[in-house]
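Undergrad: Below is the structure, and that's it, no one-letter string:
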């Protein structure tokens, strides 16, 4: 009878942890949640067996087995809160806490310092605290409180949607932390440990956060942040418009002052021209940034792309706009070579195609930097009733074992970068265009993405020369 509740709760944690990973894939948040579920499952599943055994020797073995992962529970809670709060600087302390847990695990298996036998209570056997057990309790208090603190700090500065998620997470962890009352049983206080009830309630809170507020979805977090950026961008746009209205008068005043000898001419003609063009450039960049925000918000709905706004789009013009807008660093732009054999038009969205190209450029530059070699060649052509864009980089390439998964949601091979949503969304964009996207790669040599577009009916192919100044990748 006493084993039923921990058995049920352990099954719930294992099942929901597996479900989250199956639906969301492996990312930092879902992985940390899976670790939390596995440690909780091990704790409660072992206790459900421990409460039924009659052999004292077997009970001691089960008590130590259960405690082996209990030692990692506080750190898994800490890690979960750190990842939910996106406090990357805390990850080093999570690693330290795991190192302490590993040390305690070694001591648990090699001595009686942490678990010194068992108590025999009315519901069954229960672990007896050794002289070093208070160190584990202290670690639990420190790391869980630290996790709650960093989550609260993030809550204070977070956007509204993220605050809702963080509020529920903090409530859930606080309830889970109440399960620490079970420690009293380790010190000889006889009452049926109620921690299983608290962790069951805690899981319920996490399920609510996951279903209502997309807790485990990194795309939803990105969408929240992107939405919040709209306000400062709107302010920048208004300032640029005011600048556009006032700069001509300021410039005329400057010219008159120079002409009448009131001040020396301090601006070179080229500089003056750039200053005069500044409002237009700011407005242009704000418009581009707004487009990117729209694309991020669209990618938050990975299963839906609105086709109602699609129109006739020129592939070469989209490519040119993407290359002009992409924030290349230093000499990276010189690595890109463009060859337009035949331009084509298709029914789609220039914004979405530019977003797709941004992703490929970003990934290619990452691969080139990793390999410390390579360049990028982009080829636009037609083949019968199909338009083709072939995007090739000669960077690090993709291992054959990884290649089948690159278009999976939330799958990424980048260390400390990327959420694994870029290529997944790119393929959905091509599906929405009625086309396709495939990848061919050899590790250490090259990676080629080929996008195939259905040509717009009755629209002739157009020949367009390569962009001025472009060169072939070396």
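TA: Great, that's in hand. None of the values given here were measured: they were computed from a predicted structure.

Undergrad: mind checking which helix or strand the residue nearest to residue 278 when sequence neighbours are not counted is in?
TA: With sequence-adjacent residues excluded and distances taken as Cβ to Cβ, 6 or more residues apart in numbering, residue 278 is closest to residue 243, at 6.9 Å. All C-beta atoms are positioned from the backbone trio N, CA, C, and that covers glycine. Remark: residue 243 resides in helix 218-259, with elements defined by DSSP states H and E.

Undergrad: do the same with residue 444
TA: Element membership for residue 444 (DSSP H and E) is empty, with no helix or strand holding it.

Undergrad: List the residues that contact it.
TA: Contacts here follow Cβ atoms under 8 Å, 6 or more residues apart in numbering; on that basis residue 444 touches 371, 396-397.

Undergrad: returning to what we had before: helix or strand right after the helix holding residue 243?
TA: helix 269-276.

Undergrad: mind listing what residue 322 touches?
TA: Applying Cβ under 8 Å, 6+ apart to residue 322 gives the contacts 353-354, 357-358, 361.

Undergrad: What about those residues, which are in helices?
TA: Among the contacts of residue 322, the members falling in helices are 353-354, 357-358, 361 (criterion: DSSP state H).

Undergrad: Most neighbours out of those, which is it?
TA: The residue in the ones in helices among the contacts of residue 322 with the most neighbours, by other Cβ atoms under 10 Å, is residue 353 (26 neighbours).

Undergrad: what's that one in contact with, if anything?
TA: If you count contacts by Cβ under 8 Å, 6+ apart, then residue 353 has 313, 315, 318, 322, 429, 433 around it.

Undergrad: What's the separation between residue 114 and residue 63?
TA: Between residue 114 and residue 63 the computed distance is 10 Å (Cβ to Cβ, to the nearest Å).

Undergrad: what do you get for residue 383?
TA: The span separating residue 383 from residue 63 equals 69 Å under the rule Cβ to Cβ.

Undergrad: Give me the domain ranges for the protein.
TA: What automatic domain parsing lists as the domains of the chain is 4-216, 222-299, 311-454.

Undergrad: could these go into JSON lines alongside mean pLDDT?
TA: Compiled in JSON lines, these are given as follows (pLDDT from 0 to 100):
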{"stretch": "domain 4-216", "mean pLDDT": "85"}
{"stretch": "domain 222-299", "mean pLDDT": "73"}
{"stretch": "domain 311-454", "mean pLDDT": "86"}
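
Undergrad: count of residues packed around the nearest residue to residue 272 once chain neighbours are set aside?
TA: In this structure, residue 272 finds its nearest non-sequential neighbour in residue 251, 7.3 Å apart by Cβ to Cβ, 6+ apart. Other residues near residue 251 number 14, with proximity taken as other Cβ under 10 Å.

Undergrad: surely residue 251 meets residue 277?
TA: No - in this structure residue 251 lies outside contact range of residue 277 using Cβ atoms under 8 Å: 11.4 Å.

Undergrad: Checking residue 401 next. Helix, strand or coil?
TA: What DSSP: H, G, I helix; E, B strand; the rest coil gives for residue 401 is coil.

Undergrad: Now it: phi and psi?
TA: Comment: the main-chain dihedrals of residue 401 come out as phi -70, psi -20, following degrees, to the nearest 10.
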